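> Using only what follows, build the 3D model:
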Amino acid sequence: MSWLHSPKKFIKFLLIFVLATAFLLFLLPNSYAKITTKKTDANADDHTSAPAVRKTETSEFNTTWDHDQNPWVIAKSIYNSTNSNQLDFLQRLTTYTTEGHDYDTLYNTQPSGAAEQSVTIILPIYSKDALSKLDVISSWTSDVDYQISVICSSQLKAQIDEKLEDQQVKITVIDRSTITTSASSSTFALGTAGASIWLQLLNQNDIDTDYVYIMDESTPLTASSLNELDYLFRVNQLDDYKNAFIGTRALVLAPNQETATDNFCLPVNSHLPNDISQPADMLLGAWLLNRSWLPYVMTDMSLDALKLPLGYYLSLNLNNRLSIPTIALPLPPDAQQTSSNKLLCEKAQEQWISNAEWRSLVTKNRFPTALQYRFLSEPGVLVVAQGAKQLISLYPVLCRFKKYPAHLAIMGSDIDGDTVKNALLETNCHDNVQVHDFSQMREHTEDASIGMLVKTIRPRIMIQIKSNDAMYYALQAMAKTHQVTEIGLPEKEVVHALWIPDLSLDALTYWNTISIKLVVITDRRPHSLSRLLQSAAKSIYVGDQVDLMIHMEQSADRVTRMLVNSFLWRQGQKMIRHRIRKGGLMPAIVESWYPSNNDEYAVLLEDDIEVSPLFYVWSKYAILKYRYSGNSEAYRLMYGISLYAPRNLELPPAGRVTFDPNSVLLPAGYPEHIPYASQVPCSWGGVYFPEHWREFHTYLVRRLEDLNLPKDHQQRLISVPGSRSDKWKKSWKKYFIELVYLRTYLMLYPNFQEFEAFSTNHVEFGTHVKSEKRQSVIGTFMVPLMQRDTILSQLPNSSLPMFEDLPVLDLWGQLQTVDGLEAIASKYHKHVSTCPRTYGTFDPLEFFCVVDGPPDPLQQFPMSPKKPKPPVLIKDAVQPIQYNYVYDYTEEQEEQARNDMLEFGPKPIDVAQLPTVEERFSIKDDEMLDLENDLDTLNRLYLKLNPEHLEFLEDEKMEMGDEEDDNVEEDDEDLENEEVDM
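Numbers count the residues shown, from 1 in each chain. Here you go, the predicted structure:
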């Protein structure tokens, strides 16, 4: 460090440092240079042209206007999607979907049928320097019918009277100290709304003219600026501008809203087209107001609002209260780069730097600035958070929006925009989220302000936390007014709706349109029914109203009826139906629901089903994904959503076989846990779609007529080749499978780990399970219910696949394609019907055009051998016996017994604690009988898959086979007797 003590060495080192710095600056790349706008000299008339490409710190706004690369009139805007006939000229102008007019057009266009109108010129004078304005206005002449009103302080009253003693001028004395406001203890900077104390005394009833022309008290007055009143009056009479707040000098805030040098001042700044009319954020120097606007000019008297510049305050109130836009009009080229205009621009830029309240309000982004309309290229979603707690709950959903813009509106006193922006930045969630800060606002004004935001950004969806406070309902009503779909999510259930961003905006608009009903079919199993109802009551419904429909069979016992009547359903309406004649499972299922419209869906549940808490979440997600995303093929082909994940296939001719979809899908290259589309209808918990169920009703009505044909008929009937369902006589699935086969319909099935599903079957079908020996087969049908919400974490790419990406399985679990199934269906259609095959009509009558040809031979399926039943050797004949009852107790004893019964008799029972009761149905479903016949096969499969149980069941395997054959024989005999009785 000896060079510090040597002057020569120090000077030499300093010289080297300067040269090196200059050399680095010379070689510095242009990309590191930052363009700044210097203040223009107020006395100079020269103007520096804009650079070719203007770069800001955000590098988002290009001011090089080119018809091809960067046109002033934008083609991609949310307002272009609206019918152009619904937008007037001013709306198109402020949204940059049409071009403004030049000076010659505006000045030379004659108003159509304009009446003679007058104006009052308001001239505030509060300093001695402003007295010179009186000389200018006294010598001014114009064709406009005008009056002059001077507002001054009491100290200047005498001097003003002396100058205007020969003129008819109204003079009003208003001292600043005499005006009291909500911020009377505060002082306001010159040029702010709070400092313009005279403005709040302007009364509509005290003004005799049609317009008011207010001159800025701090701006010099010239004859040229007064002459512009003729121009403004002329333009104001035009139909396109009569509802606009117009002026010739204006400030346009930059879209990034960060620095004063990024703002644009018209007509001085040439970064924007200054030769046409265009939207602006505030007018400078003078303001022409319609007399009818005066009651709305000073509506916001809050302290923060009064600290705003007067021009910005006027534009903000007129736009928010009356939807009056601020429009900057072009001036002739020789009147643009004047010293007075440059002085106004410099003053506005200085005011932006010094007025912290103004900058703070703009950066809160409550309302888009004029240039921000250029970036509203597509509609999005608005998320509203009332306080920090709600924001924390909504945050996981907010950060998942990537497909379209997301706007976040925050309210409350415990949160602010800067904190939220920092949190979004630190979690990489800021790219697609725009924050609109409505915190710290006056009470009961947030909903109106957010309404203005909604009107501007035009979101299609609004998401908020569902609650019972007044603000929630106010925002809900506001969304309805602006035709925005409101999604109210319970705070604790937001985490179960993280799939919302995966859906398109078109799909989300149907959030409140679709109706999913729970349809429960029950008979005499109160224990099972109680388990089903309790599981449904504990499920998650993401704030939706869900109606419950319970259909009881004619043979429903008293306990079942009591349970149904007393069950409390809080999610919606509860409707109960009771049959008066037993009809069996097919009419019980098919007649339980008929859709009233194409947005109504049904979850069909038998009473031995239990559902997962997430069954409704899975159902709604899939319905919105595949029904309302604009895929016509998915709308036509998908007929339902399965809640159950099957472990076996029931339709192979040889009988049921175990089934794991991953054994088919993974070798084909599909990712793990991908859902799949199968033709097999699910009867153990499934959602059915309205058009397809309505078509099934029509198909079934016509198809059942075939049962009336004589046995020796020669008509070719519909029969699915190779499907074991063909032998089911009384099962609704037999006929649904026929329709599915002919239409190539598909049902969505879950495919999560370990067969995790949203419903399971407890295999409680009465006499079909008679002893503990049969309980081993339950494991073949019962599947684990999803308790923790891992839907998105297990799905490939954390979302449901597109319909065209779903793997497709046929009725026998074999991998197919939609085109392949269509070819098979088309070929079989020609085999059974002469009518042409149609698509998307949902009309099944085309399948019943009789063909000329012999009927198909009956399909034969392997059956287990049956033992002959020993004959009945003895028949007992019993004569009728008549009984005579003799009572041997007195009335007092009868009364005592009645009291004892009330005290010591049986107490009310808890249905949920009742054991499962084995019962015997009078009419059995063929599908259940088929399942019963497969018990031996299923037991063998179970023993093969679970060898550890082999020793336990070794002694019982032979007994199971003998007992199974006896049961099947008895059931077949019962069915034959019933058919004879019918």
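> Any idea how many residues pack against the residue nearest to residue 198 when sequence neighbours are not counted?
Distances taken as CB to CB, 6 or more residues apart in numbering place residue 151 nearest to residue 198, at 4.2 Å, with adjacent residues excluded. For every residue, glycine as well, the C-beta is placed using N, CA and C. Counted by other CB atoms under 10 Å, the residues lying close to residue 151 total 22.
> Now residue 151: which helix or strand?
Taking DSSP states H and E as the definition, one finds residue 151 inside strand 145-152.
> average pLDDT for that strand?
In this model, strand 145-152 carries a mean pLDDT of 88.
> buried residues in that strand?
Of the residues in strand 145-152, 146, 147, 148, 149, 150, 151, 152 count as buried by neighbour count, 16 or more other CB atoms under 10 Å.
> quick one: which two of those are the most distant?
146 and 152 (18.9 Å; CB to CB).
> returning to what we had before: next secondary structure after the strand holding residue 151?
Of the helices and strands lying after strand 145-152 in sequence (DSSP H and E), the nearest is helix 157-163.
> what about that following helix, average pLDDT?
86.
> helices or strands up against that helix?
Helix 157-163 is packed against helix 132-138, strand 170-173, with contacts defined by 3 or more CB pairs under 8 Å, 6 or more residues apart in numbering; DSSP states H and E.
> Could you dump those into TSV with distance to residue 385 added?
What follows is these, written out as TSV (distance: least, CB to CB, whole Å):
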stretch	distance to residue 385
helix 132-138	50
strand 170-173	47
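> Switch those over to JSON lines; also include distance to residue 217, mean pLDDT and mean neighbour count.
Converted to JSON lines, the helices and strands packed on helix 157-163 look like this (distance: least, CB to CB, whole Å; pLDDT from 0 to 100; neighbours: other CB atoms under 10 Å):
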{"stretch": "helix 132-138", "distance to residue 217": "9", "mean pLDDT": "84", "mean neighbour count": "16"}
{"stretch": "strand 170-173", "distance to residue 217": "14", "mean pLDDT": "87", "mean neighbour count": "14"}
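> per the record, what domains does this structure have?
84-363, 378-508, 515-848, 918-981 (automatic domain parsing).
> Now distance to residue 859 too, for the ones you listed, in TSV please.
Below are those laid out as TSV (distance: least, CB to CB, whole Å):
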stretch	distance to residue 859
domain 84-363	62
domain 378-508	42
domain 515-848	5
domain 918-981	14
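> still on that earlier bit, what residues are bridge-paired with the residue nearest to residue 198?
Beta bridges link residue 151 to residue 124, residue 172 when assigned by DSSP bridges.
> Can you say which of the helices and strands packed on helix 157-163 is nearest to residue 262?
Closest to residue 262 of these is helix 132-138 (CB to CB; 33.0 Å).
> Can you get me a residue count around residue 129?
Neighbours of residue 129 using other CB under 10 Å come to 10.
> Who is residue 638 paired with across the strands?
Beta-bridge partners, per DSSP bridges, of residue 638: residue 746.
> I should have written residue 551 there, sorry.
residue 521, residue 577.
> I'd guessed it sits against residue 590; true?
No. Residue 551 lies out of contact with residue 590 (CB atoms under 8 Å); the separation is 11.0 Å.
> out of the domains of the chain, nearest to residue 70?
Comparing the domains of the chain by CB to CB, domain 84-363 comes nearest, at 11.6 Å.
> thinking again about what came up before, got a list of what the residue nearest to residue 198 touches?
By CB atoms under 8 Å, 6 or more residues apart in numbering, residue 151 lies in contact with 122, 123, 124, 125, 171, 172, 173, 174, 198.
> Secondary structure of the first one: a strand, I assume?
Yes. Assessed with DSSP: H, G, I helix; E, B strand; the rest coil, residue 122 lies in a strand.
> contacting residues around it?
Per CB under 8 Å, 6+ apart, neighbours of residue 122: 149, 151, 198, 202, 212, 213, 214, 215.
> Could you point out which of the helices and strands packed on helix 157-163 sits nearest residue 288?
Residue 288 sits nearest to helix 132-138 of all the helices and strands packed on helix 157-163, at 15.8 Å, using CB to CB.
> Please export the alpha-carbon coordinates of the closest one; CSV is fine.
Extracted in CSV, the C-alpha atoms of helix 132-138 (Å, rounded to 0.1, in the frame of the first residue of the first chain):
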residue,chain,number,x,y,z
SER,A,132,-53.2,38.6,-15.1
LYS,A,133,-55.7,36.0,-16.3
LEU,A,134,-58.4,38.6,-15.9
ASP,A,135,-56.9,40.7,-18.6
VAL,A,136,-56.7,37.8,-21.0
ILE,A,137,-60.3,36.7,-20.4
SER,A,138,-61.7,40.2,-20.6
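> name the helices or strands packed onto it?
Contact partners of helix 132-138 among helices and strands, from 3+ CB pairs under 8 Å, 6+ apart: strand 118-125, helix 157-163, helix 223-236.
> The last one - contacts with which helices or strands?
On a contact count with 3+ CB pairs under 8 Å, 6+ apart, helix 223-236 meets helix 103-108, strand 118-125, helix 132-138, strand 211-215, strand 245-247, strand 286-290.
> which one of those lies closest to residue 224?
helix 132-138 (10.1 Å).
> Please enumerate residues in contact with the closest one?
Looking at what lies outside helix 132-138 - CB under 8 Å, 6+ apart - the contacts are 121, 123, 125, 148, 150, 160, 163-164, 167, 215, 220-223, 226.
> Could you give the number of residues near residue 796?
The number of residues packed near residue 796 is 14, by other CB under 10 Å.
> Was I right to think it contacts residue 676?
No. Using CB under 8 Å, residue 796 makes no contact with residue 676, being 11.8 Å away.
> And stretch 277-292, what's buried?
Across stretch 277-292, burial judged by 16+ other CB under 10 Å covers 277-291.
> And stretch 459-468, by the same measure?
For stretch 459-468, a neighbour-count test (16+ other CB under 10 Å) marks 459, 460, 461, 462, 463, 464, 465, 466 as buried.
> Using CSV, lay out those residues together with distance to residue 414, pLDDT and secondary structure.
Shown next, in CSV, are the buried residues of stretch 459-468 (distance: CB to CB, whole Å; pLDDT from 0 to 100; DSSP: H, G, I helix; E, B strand; the rest coil):
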residue, distance to residue 414, pLDDT, secondary structure
459, 25, 94, coil
460, 29, 95, coil
461, 26, 97, strand
462, 22, 97, strand
463, 20, 97, strand
464, 17, 97, strand
465, 15, 97, strand
466, 20, 96, coil
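> Looking at the helices and strands packed on helix 132-138, which is nearest to residue 98?
Nearest of these (CB to CB): helix 223-236, 16.6 Å.
> Between strand 286-290 and that closest one, find me the angle.
Helix 223-236 runs at 30 degrees relative to strand 286-290, counting by axes from the mean of the first three to the mean of the last three CA atoms, to 10 degrees.
> Extract the CA atoms of helix 223-236 and return them as PDB.
The C-alpha trace of helix 223-236 is given here as PDB (Å, rounded to 0.1, in the frame of the first residue of the first chain):
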ATOM      1  CA  ALA A 223     -55.800  33.400 -25.700                       C
ATOM      2  CA  SER A 224     -54.900  30.200 -27.600                       C
ATOM      3  CA  SER A 225     -56.000  28.000 -24.700                       C
ATOM      4  CA  LEU A 226     -59.300  29.900 -24.600                       C
ATOM      5  CA  ASN A 227     -59.700  29.500 -28.300                       C
ATOM      6  CA  GLU A 228     -59.500  25.800 -27.900                       C
ATOM      7  CA  LEU A 229     -62.900  26.000 -26.100                       C
ATOM      8  CA  ASP A 230     -64.500  26.500 -29.500                       C
ATOM      9  CA  TYR A 231     -62.800  23.300 -30.600                       C
ATOM     10  CA  LEU A 232     -63.900  21.300 -27.600                       C
ATOM     11  CA  PHE A 233     -67.400  22.600 -27.900                       C
ATOM     12  CA  ARG A 234     -67.500  21.600 -31.500                       C
ATOM     13  CA  VAL A 235     -66.300  18.100 -30.900                       C
ATOM     14  CA  ASN A 236     -68.600  17.700 -27.900                       C
END
